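Peer 1: make a model of this:
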Amino acid sequence: MKKQAEARIPTQVGQFRMIAYADKVTERMPHVALVAEGFDPNKPVPVRIHSECMTGDVFGSRRCDCGEQLSASVKIVSENGGVIIYLRQEGRGIGLINKLKAYNLQDMGLNTAEANTHLGFEVDARLYDCAIFILQDLGIKSTQLITNNPDKVEALRHSPIEVAGRIPIIIPPQDESRPYLETKQELMGHLLGL
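Peer 2: As a prediction, this is how the structure comes out:
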């Protein structure tokens, strides 16, 4: 994987550089780094490693808090010279089609973890090697990781990147998202304080 393209992206909350990373320039779904103005890799950088969630990020689904976490994280990194790493690993690594199948199973009473395993997948099949590569490519040595997920913290702790601190990103649960968030807290160890 390497940097394939870069451009300036003005947004409602600030100026960013968007950098696309992929093995080939023809890749249609690259991983992306969104680098805020004021970025300084020589100090602990606020970083959100965010896995794609089309239903939440794009369409505002209330089944999860992903889109709200992403929006809050973009604001934090914009104000603090940080970075969003957007990984193309939809549905905790199972892809959009299987995620929709998992939603149907959840509607029949399974929780999100049970639905994934019922479909033959791990509860969470995401990997963070690409994020670590991108952080190193950007020259980041130390992060303030914007996450509630202890697996992300652990992944970075087993890499050359220091986790100098963790910034929680707590989104108040909605009626539709509460069961999902409770499962994330109880079965996956997410630090949500529910």
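Peer 1: pull the number of nearby residues for the spatially closest residue to Ala5 that is not a sequence neighbour.
Peer 2: Distances taken as C-beta to C-beta, 6 or more residues apart in numbering place Ala20 nearest to Ala5, at 4.7 Å, with adjacent residues excluded. To be clear about C-beta, it is placed using only N, CA and C from the backbone, and glycine gets the same treatment. Here the number of neighbours of Ala20 (other C-beta atoms under 10 Å) works out to 17.
Peer 1: can I assume Ala20 sits in a helix?
Peer 2: No. Going by DSSP: H, G, I helix; E, B strand; the rest coil, the assignment for Ala20 is strand, not a helix.
Peer 1: do a quick rundown of the strands in this structure.
Peer 2: Counting by DSSP state E, the chain has strands at residues 2-11, 14-22, 31-36, 45-51, 83-87, 142-146, 162-167.
Peer 1: who does the fourth one touch, helix- and strand-wise?
Peer 2: When you say that, I think you mean strand 45-51. Applying 3 or more C-beta pairs under 8 Å, 6 or more residues apart in numbering; DSSP states H and E, one finds that strand 45-51 makes contact with helix 66-80, strand 83-87, helix 90-93, strand 142-146.
Peer 1: same check, this time on the first one
Peer 2: Contact partners of strand 2-11 among helices and strands, from 3+ C-beta pairs under 8 Å, 6+ apart: strand 14-22.
Peer 1: please work out the average pLDDT along the strand it packs on.
Peer 2: In this model, strand 14-22 carries a mean pLDDT of 96.
Peer 1: between strand 31-36 and that strand, find me the angle.
Peer 2: Per axes from the mean of the first three to the mean of the last three C-alpha atoms, to 10 degrees, the angle that strand 14-22 makes with strand 31-36 is 160 degrees.
Peer 1: where does the prediction get shaky in this protein?
Peer 2: Within the chain, the segments meeting pLDDT under 70 span 177, 179, 187-189, 192-194.
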